[in-house]
Structures are given as C-alpha cells and as structure tokens.
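A.B. asks: the sequence and its predicted three-dimensional model are supplied below.
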2 protein chains.
Amino acid sequence: MNEFDLISRLTRSLPTSEAVVVGAGDDCAVLDFGLPDRLLLFKTDAVVEGIHFTAATEPQKIGRKALARCLSDIAAMAGTPGAALVTIALPRNFDPGFVEEVYAGMNELARRHGVAIVGGETTTNPGGMLLSVALLGFVPRGKGVLRSGAKAGDAIFVTGELGGSLSGKHLEFEPRLAEARWLAQHFQVHAMIDISDGLAGDLRHILTASRVGAELRSPSIPISREARLAAKAGSAAKPALLAALTDGEDFELLFTVAARDAVPLLDAWRKQFPQVPLTCIGKIREGDGVIIRDKHGARPLNVHGYVHFS
Amino acid sequence: MNEFDLISRLTRSLPTSEAVVVGAGDDCAVLDFGLPDRLLLFKTDAVVEGIHFTAATEPQKIGRKALARCLSDIAAMAGTPGAALVTIALPRNFDPGFVEEVYAGMNELARRHGVAIVGGETTTNPGGMLLSVALLGFVPRGKGVLRSGAKAGDAIFVTGELGGSLSGKHLEFEPRLAEARWLAQHFQVHAMIDISDGLAGDLRHILTASRVGAELRSPSIPISREARLAAKAGSAAKPALLAALTDGEDFELLFTVAARDAVPLLDAWRKQFPQVPLTCIGKIREGDGVIIRDKHGARPLNVHGYVHFS
C-alpha cells in the first residue's frame, strides 16, 4: 500500500462541519469561519530525519525547509500565511544548540513572509528528529485556487525549472507566495498545485481532481541545470527529462489558465517577475491520463511522481 | 536540559505579528484575525509510541488520545474546537488496518465534539508511530481564560480526581470542554490550565505566569482510586498523595476564582455537573512557590510534575 492508497482509505469518512469549504485532498484545507472578506487556510506538513534531510544537513536549512514546504502549499491556493505552530520531536541525546539553529532558520523565513510562530510542542522521538509545522493562512473570498478547476483547452504553466532538487534546492527554495497571489489577482487561474511529488505526479493530482487529461510538449518542459548535469554524470543517472518529470521537491507552481489568457499572462509575468521563468508546457484535454508529445509523436506518459512508502 | 529549559530558549525571540494576542506559553495560542465576536485558538500536540502509548495499546485509543489531549487544551482556555489536521508518521512496515482503527477512535471523539478533520499528512518515521494533531478553535471575545490571571486570595479548584492516570484514564479521559465553557460563562475564572504534567507542575505554570504563590491543603486534594490502589500495591509504589501531585496526564481542569465566588460556584457546579467532582484545594497567596499544609503544619512543596526529557 502506498501513501495515496492509505490516504484514500483514511479520508473516506472524516468528520466534517458546515465551516468546511474544502477538506482533505487539496494543498490546504479551506474553512469559512465567518470572516467577512476572507477564508481561512489550514495546512500541516512534516520533515523527518533520513527522509527529508540527513544527519549532515545544516540545522538552519532543516528548519527553513519545514516551514517553506507549508508556505508552498499556501502559495498553491494563492493565499497569504499568518501563524504557525511547530512540533519538534527529538532523539534523547539532542544538542540544544542544534535545535536553536533549526529554529533560527525557520524564524528567518517566517519573518520574511510575515508569519508569527505562536508556539508548538517539544517531544521525544526515539528514531531521530521530526519537525512538523501547522500553518494558518488566508485567502480573499473568490480568489482561492483549487486543484479541481482545470478545463479542457486550458494552457498548463509551470514556474522555474524542474528536476535535481535534491542537489540543494529542496533546502533553499523560495516559496512562490508573491507569484501565486499576483497570478490570482490578475488572471483567472483555473487550477493550481505546488510541485512536491514531481511534475508527473502533481499534474495527475490536478487531472484527477478536475476529471480531465493533459498533453505535455516534451521539448517545452523546463529542465534544471542540476538535472542536466546529473544526467551527464554517469550511467546510473536518470535522463534529464525523466528527472524533470519525476523528481520530488521542486516546489514550483503548476497551474492552468484559459488558452486565451496564455500570451497576455506570459507578457505580464515577464515584466512582473523577470527573474522567474514561466513556461507553457502543454494543454488540458478531455479524457484522462497524460500524453507526452515530442518530434517523434505522442505517447502516454507512464512515469509517476515520487510516491512515499513505495 | 529538560523540556522547559529548551522551550524557554526557543521561545525567546519568535517571530510575531499584530494578530497575536497570546503566543507561546499558554495552553493555546490566541489570535485575533478580525472575527467580530470571537478570537481564534490554535494548538498542536503529539503522541509518540513508547512515550504516550505502547505497541500494545488499542489503536482506537491511540487516535482518541491524540485528539483528546488537544481538546483538553482548548478546554483550558474555555474555548470550542472547530477543525483539526492530523499528521501520522508510520514505521515502514505499518499495518493499514491498524491505522484505520487509529482514525476510527479519533473520528468518533471528533464527531462528538463537533470537530471537522480537514486533512493532514502521512509520512514515514523510522523509530515508530507518531501522531500529531493541529487544532483550531474559538473563544468569545472577553471569555477566554489564560494562565496568567490568578490573584492573591483566589480559591484554587480542581475537577475530577488525580493520580494513577497511566492505569487507563490517560487513554479514555473526557476533555472538560462543556465544564470549562460553563465556568467561563457563569463565573469570572481568573486563571485556568489543564493538568497534563501533574498538579504540582501545572499549578506552578499558573503561578509563574501570574507571579503569585499558592497554599494547598493536603487533605483536600482529591486522590483517585487508582492512585490509592497503586500505593497499597507494594513498596515500590508512590504514596497516593505524591501520585496525585505529580502523575502526568490527568487532563482535569485546574483554575482559580475570587474567594467570594467559591461557595456559589460549588453550589452551581453540583447542580450542573453532579457526576464530576469539583474540589477547592487551597488558595493563591502573594509571593512565589507552593506551600502544602496538613495537620502537622505547613511546608514548602518540593515535588515537581512530570518533566519530559528528564
């Protein structure tokens, strides 16, 4: 059983209430608690030693990453983060100085994005360090973007470049909060997700939620320098395109807009965010599944994104 | 370094914002996001295999406990819970049926208290199972109760009976949500906390936050049947009074009201909650520290509550 099968079993019959606009299954939960102009976003995410970082990772980067992952989920809804709680589970022989450095990395990123850290918990974890962040945020009513709104004919866009994140970006990425808010303010974004499981896997999350399929243009997919270098490094390496499609932890935005908005969006984006690549990589189509097209023709894309537990 | 020393180091310079009414250091964070009549409560809490439950604990009780602990913190602020996110970290060889039972126990308690479970995360934890709950709640403006409002002369009350929770209550306790809300609606509660670290330890949290001391009347402290039985069981057992003062995980309410409210409170309580003991165990005094008084006189109380990591 992989992570998604388990989640599917667990989320079949969760308790709900009138306040729940979106429950389990999107980047954040969306709650309506009666704020006149805003909905509340609610998200939790954990990083675990040996999986999301190693014993050799700089502590500031561990703390930074734990918060940045949650911020990226708030970005995927076009939201603004507000307050966080931090649960830190430590092995019995922990070094307090190390833990302070973890917090220093988290605090710096929190300050930069206006996030208050309002408490949390420390506990013991015999297996190693685990850091879980719970984050509250907001989105103006009518401006939140879900995974479920993609429509046949939409243009599919991705920010940044993909693949090879484990060579460093996964510890240093900048959550695309400003970019996502700008997008939702200026364009009708139909569906959006942040790429944490790899382009192929996260595109499928949009497709499943929206009940549509997609066609990707292989030569358009923006491949990172790190993925290209790794592909050249030796026979054991992934081809660069495969890395861009399946490597986890890119934390870029993947979204769709109506085809007629594609060119105006690209023009406006380049003026607004000249340092951040934005690429149209394909289109949404009727049906299901992903077709990938290159100069040799079109074929079904069978690779998957990163799946936990698998 | 124990848990409280570490927390003190970590919370010295946390990022804050205008929305933060109470940050780290009370039972819940209190946030003002502009709801006309309510403040938001925000809390996270984790249970870890080998610490808060064992490999032999029934899975439904593990899930129930993880949520109940957070609900008890919402009770300690006289709040009402609203929505929860659940992070579950699993060993690699987990049994999906076991995890479903964990959720079943949590879901049943959530439904009973009107809590929506709106998502969360699954991840791998090499050391064993860890379950972290993040909970949002509300409290009417002006009705929230902090740890910091105890005043010299106040009567100190405790609900239920104390000690011996590990014999079963820690997995089955009912969070005192209804009782706490009733208290805050009908009386001016000066300070409140839920007893998770033991009476002696949690009373000290109130005293430190309120900058006062306390005098306990030893014969008044309500000792549970379990603590009395354990004390008789053998020479290695704790005396029953010591168990009531220091055992963790009672999850009863400890609070103070003005002395003039003590008798009216006891009368009204017995009508409202005839099944739930309420006991006046002493009074708040100027100064600091805890004095315990019995028929032999008064002496400083030197025992501490349960301290993690120690």
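C.D. replies: Looks like it arrived, so ask away.
A.B. asks: alpha carbons only for contacts and neighbour counts from here, please
C.D. replies: Will do.
A.B. asks: CA-only coordinates of the one helix or strand A:P81 maps to, as PDB, when you get a sec.
C.D. replies: Element membership for A:P81, per DSSP states H and E: strand A:80-90. The C-alpha atoms that make up strand A:80-90 are tabulated as PDB, following Å, rounded to 0.1, in the frame of the first residue of the first chain:
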ATOM      1  CA  THR A  80      -1.200  34.600   2.500                       C
ATOM      2  CA  PRO A  81       0.300  32.800   5.600                       C
ATOM      3  CA  GLY A  82      -0.500  34.100   9.000                       C
ATOM      4  CA  ALA A  83       0.600  32.000  12.000                       C
ATOM      5  CA  ALA A  84       2.400  28.700  12.600                       C
ATOM      6  CA  LEU A  85       2.900  26.200  15.400                       C
ATOM      7  CA  VAL A  86       5.900  23.900  15.400                       C
ATOM      8  CA  THR A  87       6.100  20.400  16.800                       C
ATOM      9  CA  ILE A  88       9.700  19.200  17.200                       C
ATOM     10  CA  ALA A  89      10.300  15.500  18.200                       C
ATOM     11  CA  LEU A  90      13.900  14.900  19.200                       C
END
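A.B. asks: chain center to that strand, what's the gap?
C.D. replies: Averaging C-alpha positions (C-alpha atoms, centre = their mean, to the nearest Å) puts strand A:80-90 17 Å from its chain's average.
A.B. asks: tell me the helix or strand right after that strand.
C.D. replies: Counting by DSSP H and E, what follows strand A:80-90 is helix A:96-112.
A.B. asks: packing partners for the strand holding A:P81?
C.D. replies: Strand A:80-90 sits against helix A:59-76, strand A:116-124, strand A:130-140, strand B:38-48, with contacts defined as 3 or more C-alpha pairs under 8 Å, 6 or more residues apart in numbering or on different chains; DSSP states H and E.
A.B. asks: mind putting those in CSV, distance to A:I51 included?
C.D. replies: CSV is the format used below for these (distance: least, C-alpha to C-alpha, whole Å):
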stretch, distance to A:I51
helix A:59-76, 12
strand A:116-124, 18
strand A:130-140, 10
strand B:38-48, 18
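A.B. asks: which of those comes out lowest on mean pLDDT?
C.D. replies: Among the helices and strands packed on strand A:80-90, strand A:116-124 has the lowest mean pLDDT, at a mean of 93.
A.B. asks: and for the strand holding A:P81, what's in contact with it?
C.D. replies: Residues from elsewhere that reach strand A:80-90 (C-alpha atoms under 8 Å, 6 or more residues apart in numbering or on different chains): A:71, A:74, A:113-126, A:128-139, A:177, A:181, B:42-46, B:132.
A.B. asks: now do stretch A:231-240
C.D. replies: Outside stretch A:231-240, the residues touching it (C-alpha under 8 Å, 6+ apart) are A:163, A:223, A:227-228, A:230.
A.B. asks: most neighbours, which of those?
C.D. replies: Using other C-alpha atoms under 10 Å in any protein chain shown as the neighbour test, those are led by A:G163, with 28 neighbours.
A.B. asks: show me what contacts A:V102?
C.D. replies: Contacts of A:V102 (C-alpha under 8 Å, 6+ apart): A:59-64.
A.B. asks: of all the helices and strands packed on strand A:80-90, which one is nearest B:D267?
C.D. replies: Closest approach to B:D267 among those (C-alpha to C-alpha): strand B:38-48, 29.6 Å.
A.B. asks: contact partners of the closest one?
C.D. replies: A:85-87, A:119-121, A:123-125, A:134, B:27-33, B:53, B:65-66, B:69-70, B:73-74, B:79, B:128-141.
A.B. asks: and the nearest residue to A:C280 once chain neighbours are set aside, what element?
C.D. replies: Nearest non-adjacent residue to A:C280, counting by C-alpha to C-alpha, 6 or more residues apart in numbering or on different chains: A:F157, 4.4 Å away. Assigned by DSSP H and E, A:F157 belongs to strand A:155-159.
A.B. asks: by contact count, what packs against that strand?
C.D. replies: Using 3+ C-alpha pairs under 8 Å, 6+ apart: strand A:155-159 touches strand A:253-257, strand A:278-285.
A.B. asks: domains for chain A, by residue range?
C.D. replies: Chain A resolves into domains spanning A:20-140, A:155-300 when parsed by automatic domain parsing.
A.B. asks: shouldn't A:Q60 be in contact with A:A104?
C.D. replies: Yes. If you go by C-alpha atoms under 8 Å, A:Q60 and A:A104 touch, sitting 6.0 Å apart.
A.B. asks: related to what we said a few turns ago, contacts for the strand holding A:F157?
C.D. replies: A:252-259, A:262, A:276-284.
A.B. asks: so where's chain A uncertain?
C.D. replies: Residues of chain A that meet the criterion pLDDT under 70 lie in A:1, A:235-236, A:304-310.
A.B. asks: centroid-nearest residue for it?
C.D. replies: Closest residue to the average C-alpha location of chain A: A:D194 at 2.6 Å, with C-alpha atoms, centre = their mean.
A.B. asks: quick check, that one in contact with A:G248.
C.D. replies: No. Applying C-alpha under 8 Å as the test, A:D194 and A:G248 come out as separate, 10.8 Å apart.
A.B. asks: can you pull the residues that touch both of the two?
C.D. replies: With C-alpha under 8 Å, 6+ apart, A:D194 and A:G248 have no common neighbours.
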